[in-house]
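Asker: Generate coordinates for the sequence data below:
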Amino acid sequence: MALCFLLALPAMAQETPDTSAPDRSATGGAQTLEDILARQRGEQVDSSFRRNATGNPEGAAGMASQLGTLGGASDAEVWRALRYGLEDVKVSAGGPEARVLIQDSGMWWLQFRNGPLATYGAWLLGGTLALLVLFYLIRGRIRIDGEKTGRTVTRFQAVERFGHWLMAGSFVVLAITGLLVLFGRMAIIPLLGLEAFSTLAAGSKWVHNNISWAFMLGLVMVFVMWVLHNIPNRTDLKWLAVGGGIFTKGVHPPAKKFNAGQKLIFWAVIVFGASISVSGLSLLFPFELPMFAKTFQILNDTGLPQAVGYGALPETLAPHEEMQFATLWHTIMAFALTAIILAHIYIGSVGMEGAFDAMGSGEVEEQWAREHHGLWLEELQEKGHAPAPDKATHPAE
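Answerer: Numbering: from 1, shown residues only. Now for the predicted structure:
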């Protein structure tokens, strides 16, 4: 996850500045044409020559002079100090975020959000759907190979299904409303106009903020109920070795209550869902839960950013930068989890016969349980929670 985070933040790379500063004597210390061209080429420019040029009261011309400056700083110098956070701004209310009047570093956030993030996110979801359709056309629906017995086995209790659907239903709503907020300006405004987008955006934000609590509650319930069943074991290696039989007809590797594929989805949901929840809480309570400056400090201490080619990540962030990182990370994790959930929905619905019954009624066909979770069925039979093979009655003709 740390590597994924670093790869998602190329704009943050802090390279060693070039020690050969250009000659700015001809411009009186102001930026030169070479500075402008270097920024256009995407190169890092040491802006300390501008950042520190915020006026000098001692060197100001007298007020009687026609060229005198108020307080020893020109308008350009005042705005430059505000831009780089060097002006001593005092406010009557609000915390440190209220003293930030100009935050031009937010431009890279806007460009990344509307550019690579939206583009690659759309390709991820679109590519996932295309692969699922292709897989269905090639493999078809995974059927129950053996003869159905007509008997059912209790797969999930009511409280388990409640926790699952609470989390799953709220996540679907969160995904839809989140996509509306991210892609609304690109897709909705050209089709429906500004007023329709305004209504949808405001409604989506309200729904997104409030449904998030249901998702977090469902996430906790699912973790508590199923974590012990999702601890990896040697049986999972056998399941993975044959791809769970998903790609080959008639192959049914042994599995307990959850197979290796379901365990991968479980831990992806828990880890990504927790990350989405934490960053979402930071967005629900703006400027109250900063986390990225501390995270960057920990990553720098491990040496991971330097190992993958980046310099040290910034350890001092403005309040607004914390929020910008939170929105990006929240969206990146949501895209990844949405792609995983699309595959999960496919297998649990049209992809596999009998799979939906597990979360629908909670009862599954005995033969389905034998083929996909044979070890789990044997455990139930040993405990007397399912009829033993030798005592099972034949289904009525």
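Asker: so which strand or helix has the residue nearest in space to the middle of the chain?
Answerer: With distances taken as CA atoms, centre = their mean, the residue of the chain nearest its centroid is M333 (1.3 Å). In this assignment (DSSP states H and E), M333 forms part of helix 319-346.
Asker: continuing past that helix, what's the next helix or strand?
Answerer: Immediately after helix 319-346, counting by DSSP H and E, sits helix 356-360.
Asker: could you say what helices and strands that following helix packs with?
Answerer: Counting contacts by 3 or more CB pairs under 8 Å, 6 or more residues apart in numbering; DSSP states H and E, helix 356-360 is packed against helix 158-192, strand 363-365. (C-beta placed from N, C-alpha, C; glycine too.)
Asker: Could you dump those into CSV and include distance to G218?
Answerer: Converted to CSV, the helices and strands packed on helix 356-360 look like this (distance: least, CB to CB, whole Å):
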stretch, distance to G218
helix 158-192, 3
strand 363-365, 22
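Asker: Dump the ones you listed into TSV; add mean pLDDT and mean neighbour count as well.
Answerer: Output for those, formatted as TSV (pLDDT from 0 to 100; neighbours: other CB atoms under 10 Å):
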stretch	mean pLDDT	mean neighbour count
helix 158-192	93	16
strand 363-365	94	19
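Asker: among the ones you listed, which is nearest A293?
Answerer: helix 158-192 (25.0 Å; CB to CB).
Asker: where do the strands sit along the stretch 51-200 of the chain?
Answerer: 152-154 (DSSP state E, counting those that start in this stretch).
Asker: what residue ranges in this protein score low on pLDDT?
Answerer: 1-22, 24-30, 49-89, 91-99, 105, 389-397 (pLDDT under 70).
Asker: picking that back up, tell me the contacts of the residue nearest to the centre of the chain?
Answerer: Contact analysis of M333 by CB atoms under 8 Å, 6 or more residues apart in numbering lists 272, 275-276, 279.
Asker: List the buried residues of the helix holding M333.
Answerer: Neighbour-count burial for helix 319-346, counted by 16 or more other CB atoms under 10 Å, picks out 319-339, 341-344, 346.
Asker: burial count for R41?
Answerer: When neighbours are defined as other CB atoms under 10 Å, R41 has 8 of them.
Asker: can you check E43 too?
Answerer: That count, for E43 with other CB under 10 Å as the rule, works out to 11.
Asker: now H385: how far from W213?
Answerer: 35 Å (CB to CB, to the nearest Å).
Asker: got it, and Q381?
Answerer: 40 Å.
Asker: Name all residues that make contact with the closest residue to Q297 other than its chain neighbours.
Answerer: With CB to CB, 6 or more residues apart in numbering as the criterion, Q297 has its nearest non-adjacent residue at 4.6 Å, and that residue is E315. Each residue near E315 by CB under 8 Å, 6+ apart is listed here: 293, 296-297, 300.
Asker: Wasn't E315 part of a strand?
Answerer: No - counting by DSSP: H, G, I helix; E, B strand; the rest coil, one finds E315 to be coil, located in no strand.
Asker: Tell me the spacing between it and V220.
Answerer: E315 is 32 Å from V220, by CB to CB.
Asker: ok, the closest residue in space to G374 that isn't next to it in sequence - contacts?
Answerer: Among residues not flanking G374 along the chain, P254 sits closest, at 5.1 Å (CB to CB, 6+ apart). Residues counted as contacts of P254 (CB under 8 Å, 6+ apart) are 235, 238-239, 374-375.
Asker: Out of those residues, the closest to G184 would be?
Answerer: Of the contacts of P254, the one sitting nearest to G184 (CB to CB) turns out to be W239, at 41.6 Å.
Asker: hang on, the earlier thing: so which of the contacts of E315 is the most crowded?
Answerer: Neighbour-wise, these (other CB under 10 Å) top out at F296, 22 neighbours.
Asker: Now do the contacts for that residue.
Answerer: 313-315, 317 are the contacts of F296 under CB under 8 Å, 6+ apart.
Asker: Ok, which of the helices and strands packed on helix 356-360 comes nearest K249?
Answerer: Of those, nearest to K249 by CB to CB is strand 363-365, at 17.8 Å.
Asker: Remind me what that closest one packs against, helices and strands.
Answerer: Packed next to strand 363-365, using 3+ CB pairs under 8 Å, 6+ apart, are strand 152-154, helix 356-360.
Asker: and the next element down the chain from it?
Answerer: helix 366-372.
Asker: Share the number of residues neighbouring E34, please.
Answerer: Neighbour tally, E34, other CB under 10 Å: 12.
Asker: how much space is there between it and A130?
Answerer: 46 Å.
Asker: Ok, A202 next?
Answerer: From A202 to A130 the distance is 33 Å (CB to CB).
Asker: Kindly report the same for V222.
Answerer: 29 Å.
Asker: Comparing these two, which residue is more hemmed in?
Answerer: Ranked by neighbour count (other CB under 10 Å), V222 and A130 place V222 first, with 21 against 11.
Asker: what packs against the host helix or strand of that one?
Answerer: Assigned by DSSP H and E, V222 falls within helix 194-226. Helix 194-226 sits against helix 158-192, helix 260-284, with contacts defined as 3+ CB pairs under 8 Å, 6+ apart.
Asker: what angle do that helix and helix 158-192 make?
Answerer: Going by axes from the mean of the first three to the mean of the last three CA atoms, to 10 degrees, helix 194-226 is angled at 160 degrees with respect to helix 158-192.
Asker: what comes up buried for helix 194-226?
Answerer: 197, 200-201, 204, 208, 211-212, 214-216, 218-223, 226.
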